[in-house]
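# output the structure for:
(one chain, ligands or ions: 2)
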Amino acid sequence: MEATNISVSARVDVAFQRCILPSCGATYGIEDVRVECGRCGHLLDVAYDWDRLAPPASLAEFDAATIPGQPEAQSGVWRFHRLLPFAQRDKLVTIGEGRTLLQRADRVGQYVGLSGGELHLQYEGLNPSGSFKDNGMVAAFTHARTVGAKRAACASTGNTSASLAAFCSVTRLLSAVIFIGSGKISYGKLSQALDYGALTIQIAGDFDDAMQRVREVSQQLGIYLVNSVNPFRLEGQKTIMYRVLDALRWQSPDWIVVPGGNLGNSSAFGKAFAELKELGLIDRMPRLAVINAAGANTLYELYEKRGARWDGGKPDSALVDDYYRELDESHAKASTIASAIEINRPVNLYKCLRALEDMDGVVREVTDQQIMDAKAQVGAGGLGCEPASAASVAGAKLLRSEGIIGPEERVVCILTGHQLKDPDATVAYHTTDQEKFNQVLGRRGVKRASYANRAVAVSNNLEEIIRAIQLYS
Ligand SMILES: *Cc1c(COP(=O)(O)O)cnc(C)c1O
Ligand SMILES: [Zn+2]
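Numbers count the residues shown, from 1 in each chain. Ligands and ions are numbered 1, 2, ... in the order given. Model prediction:
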């Protein structure tokens, strides 16, 4: 099938783009800038003719693969260049992305209900712009540079725009145009886009509106689109899984748990593992758990309630379309404290369904209460995260309580964004100021801050300060 398609379109490149629908199978060159199949409108993959490339014979080869001073050594993404070989080596861009940490987290593991040593947290907040988006942005950015783009655009709940703005300001290779919904973006993220000097367009609408507009605008003005509909983005995000494997000495964990927004990460993880399996580099796939916020639960609704499936490449798109029509008719808007996943129309839905099939996946929804409690546990147990990230830990806890995840299984939760991205939510959780709590969290249905660490208020008096310390420490 693959070979005939390649010959039909006279493709001889070792890397190319291919429609995700096997029944369509249209292919396009790497230099072709597009975010959907010209024949059927579905998403595109970056695909490789591995037989004509030189993939590593074993993952341990990456242990020694450093080239001092080169992007392969400076970047936790390009370190794995041989597994995303669409990029020309002399065009690689880096701002030091992907140098992140997998931390064994026993204290959080206990909260989740796992035995010691089983829970690991992948801290993608340690990226230069503070979220996992840098992994994908570096790949899309490198592609944009390869095709000679001058401007790049995205719609964003905040982190994609922070990442794009950072890449533009550090490298000066492209200029950024950013679309955000009004009133939804957290200040940590907005401050980045503004500070890095990106042109920021605030639309009177939500993320789903901004996403639709940026697609139109980038097409009309020929601006390179870096949202995760861009298949090159997802190539970079595959490396999150390579780094997890690296930290676990190339042994697959039992579970990967990730928050689901536009479903780029979950899709990229599925592709990473499917390729590693195809190349014979792993013998066991982890299972995938994608966690929605209850206020933005399209994937949960479609996958767990209505039975939407990839079905080996024959998904029932009427089922999906019906659901979206219902959303429109009821004027439903996504609403959750986890603003990074406050999305009702995930652009990578079909790729994610494929990943769920490949990785025997499950989908769950968690409330803002569960998210904020899990977030407090993550913070107390280590480097902290933003609300959306904590959905992974809340989801792992839920799956553990259902018995879907066993107590002795090895679980990796992806912490997608940095603790400082959304200080408002954190301070509101820990505050003693009920008004502040209600304003930020109460209106989301968060009733209590079960793990709040309250500041102790004392008067400016030495004795009283000393007494407070002795009383509370
Ligand atoms: C973008 C983002 C997500 C959602 O990831 P998708 O790949 O769109 O599902 C989750 N958490 C954070 C912090 C993000 O920035
Ligand atoms: Zn197609």
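
# and the longest helix belonging to the chain, what other elements does it pack with?
As assigned by DSSP state H, the longest helix anywhere in the chain is helix 231-247. Where contact means 3 or more CB pairs under 8 Å, 6 or more residues apart in numbering; DSSP states H and E, helix 231-247 is packed against strand 44-48, strand 101-104, strand 119-123, helix 133-146, helix 264-278. Glycine gets a C-beta too; all of them are placed from N, C-alpha and C.

# number of nearby residues for the residue of the stretch 1-150 of the chain found nearest ligand 1?
Nearest residue of the stretch 1-150 of the chain to ligand 1 (CB to the nearest ligand atom) works out as S131 at 4.4 Å. When neighbours are defined as other CB atoms under 10 Å, S131 has 29 of them.

# likewise R443?
Counted with other CB under 10 Å, the neighbours of R443 add up to 12.

# doesn't it belong to a helix?
Yes - counting by DSSP: H, G, I helix; E, B strand; the rest coil, R443 is found in a helix.

# now do it, the pLDDT please.
Looking at R443, its pLDDT reads 94.

# ok, Y350 next?
Y350 is assigned a pLDDT of 98 by the prediction.

# same check, this time on D283
For D283, pLDDT reads 89.

# secondary structure element for whichever residue of the stretch 351-473 of the chain sits closest to ligand 2?
The stretch 351-473 of the chain approaches ligand 2 most closely through K351 (13.1 Å), counting by CB to the ion. Using DSSP states H and E, the secondary-structure element containing K351 is helix 349-358.

# output that helix as CSV, nothing but the C-alphas.
Provided in CSV are the C-alpha atoms of helix 349-358 (Å, rounded to 0.1, in the frame of the first residue of the first chain):
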residue,chain,number,x,y,z
LEU,A,349,-9.1,13.8,17.7
TYR,A,350,-8.7,11.1,15.0
LYS,A,351,-5.0,10.7,15.6
CYS,A,352,-5.7,10.3,19.3
LEU,A,353,-8.3,7.6,18.5
ARG,A,354,-5.6,5.8,16.6
ALA,A,355,-3.2,6.1,19.5
LEU,A,356,-5.8,4.8,21.9
GLU,A,357,-6.2,1.8,19.6
ASP,A,358,-2.5,1.2,19.3
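
# next, the angle helix 264-278 makes with that helix.
40 degrees (axes from the mean of the first three to the mean of the last three CA atoms, to 10 degrees).

# so what does helix 349-358 touch, helix or strand wise?
Packing partners of helix 349-358 (3+ CB pairs under 8 Å, 6+ apart): helix 264-278, strand 287-293, helix 298-300.

# follow-up on the earlier one: tally of neighbours for the residue of the stretch 351-473 of the chain closest to ligand 2?
27.

# excluding its backbone neighbours, what's nearest the most centrally placed residue in the chain?
Against the mean C-alpha coordinate of the chain, by CA atoms, centre = their mean, the closest residue is N265 at 4.0 Å. The spatially closest residue to N265, leaving aside those adjacent along the chain, is V258, at 5.2 Å (CB to CB, 6 or more residues apart in numbering).

# is the helix or strand hosting the one you found positioned near ligand 1?
According to DSSP H and E, V258 maps onto strand 255-259. Yes - using CB under 6 Å from any ligand atom, strand 255-259 comes into contact with ligand 1 via P259.
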